[in-house]
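Colleague: how would this look folded up:
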Amino acid sequence: MDTDIADLAGPAGQAPERTIGAASVLTRGLLESGRLDALAAADDPQTRLVTEHERLASLRETLAVRPHGDVWIFGYGSLVWNPAMAAVERRVARVDGWHRAFCLSTTALRATADRPGVMLSLDRGGSCHGAAYRLADDVVERELRLLWRREMVIAGYVPRWVQPVDAHGVPIGNAIAFTTDASHPHYAGGLGEDCIAHRLSTAAGCLGSAADYLHRTCEGLQGAGIADPVLRRLSGLVHGILEDA
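Modeller: Prediction:
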């Protein structure tokens with residue numbers, strides 16, 4: 001199912017920064033300020049953050065093997081409902097060979113060291129429907145710098161080029177997606193469903209709760225016409241745990 005930028009839920013990320021309780025909302029302004037690292041460090045002072053130098057080196061490596069044509073970004077989690085980027089086109093798309101999974105352990109942003117959480121990533125196998133965003137060529141470096149600040153806060157993601165297709169299986173271009181490093185200590189691909197649901201129901205950090213992240217992602221996918229039975233089941237389990245609590 002193809003759609004233009006007006007047909008998917010959520011703005012392009014121009015809203016001013018605000019707070020809800022103690023949680024900061026991830027906005028473009030927050031990314032431009034460079035304060036996200038400090039917020040993550042406040043959640044877990046012992047965690048090792050990716051440095052700006054390391055991020056820029058990773059970005060250069062990714063662009064060094066950039067395929068010919070437009071640059072797209074493939075989002076499968078919060079990028080679906082809160083892109084915070086200046087994209088000129090947005091489509092529902094599918095990437096084969098990867099599936100959406102809560103497989104990245106975290107102690108910051110939507111978790112703390114005392115209450116670790118788990119974040120979405122792309123793990124090997126299957127396929128994943130998400131939102132693909134096309135960047136204008138004259139803003140590629142600027143937008144990707146902000147994207148790297150957003151995604152590469154804590155190690156565990158591997159940015160790579162993927163080839164999303166539309167609902168008819170027609171390639172739409174080459175996209176950057178943040179996939180799982182299965183060899184990294186933060187990789188949590190072996191967690192059972194009950195453990196994942198427990199973490200999602202208890203973890204919270206500077207950007208809010210893990211349960212809210214799950215809820216917003218489910219809403220964003222539903223608004224884009226994307227069905228994800230695994231996330232829908234997890235949402236039901238988390239809702240039950242929170243009700244019992």
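
Colleague: can we go C-alpha only for contacts and neighbour counts from here?
Modeller: Noted.

Colleague: Pull the number of nearby residues for S58.
Modeller: 16 (other C-alpha atoms under 10 Å).

Colleague: And it, how far from G190?
Modeller: Going from S58 to G190 by C-alpha to C-alpha, to the nearest Å gives 27 Å.

Colleague: where along the protein do the helices fall?
Modeller: 28-33, 36-43, 52-64, 78-81, 140-151, 193-202, 210-223, 229-244 (DSSP state H).

Colleague: Show me the one of the ones you listed that comes nearest V118.
Modeller: Across the helices of the chain, V118 has its closest neighbour in helix 193-202 (6.7 Å, C-alpha to C-alpha).

Colleague: ok, residues contacting that closest one?
Modeller: With C-alpha atoms under 8 Å, 6 or more residues apart in numbering as the test, helix 193-202 has contacts from 102, 115-118, 209-211, 214, 234-235, 237-239, 241-242.

Colleague: between the residues you listed, which has the most around it?
Modeller: Per-residue neighbour counts (other C-alpha under 10 Å) across these peak at G117, which has 30 neighbours.

Colleague: Let me see the contact set for S127.
Modeller: Counting by C-alpha under 8 Å, 6+ apart, S127 has contacts 94-100.

Colleague: Look up how far R134 lies from the closest residue to it other than its chain neighbours.
Modeller: Nearest residue to S127, sequence neighbours excluded (C-alpha to C-alpha, 6 or more residues apart in numbering): D96, at 4.3 Å. D96 sits at a distance of 19 Å from R134 (criterion: C-alpha to C-alpha).

Colleague: between these two, who's got more neighbours?
Modeller: More crowded of D96 and R134, by other C-alpha under 10 Å: R134, with 22 against 15.

Colleague: Am I right that that one is in contact with V71?
Modeller: Yes - assessed by C-alpha atoms under 8 Å, R134 is found in contact with V71 at 6.0 Å.

Colleague: Now V158: closest residue in space, sequence neighbours ignored.
Modeller: Per C-alpha to C-alpha, 6+ apart, closest to V158 is T179, 5.0 Å.

Colleague: contacting residues around the one you found?
Modeller: So, once contact is read as C-alpha under 8 Å, 6+ apart, T179 ends up touching 121-123, 157-160.

Colleague: ok, so what distance separates it from A167?
Modeller: On the measure of C-alpha to C-alpha, T179 and A167 end up 22 Å apart.

Colleague: Also D212?
Modeller: 29 Å.

Colleague: Can you pick out the residue with more neighbours from the two?
Modeller: A count of neighbours by other C-alpha under 10 Å puts D212 above the other of D212 and A167, at 17 against 14.
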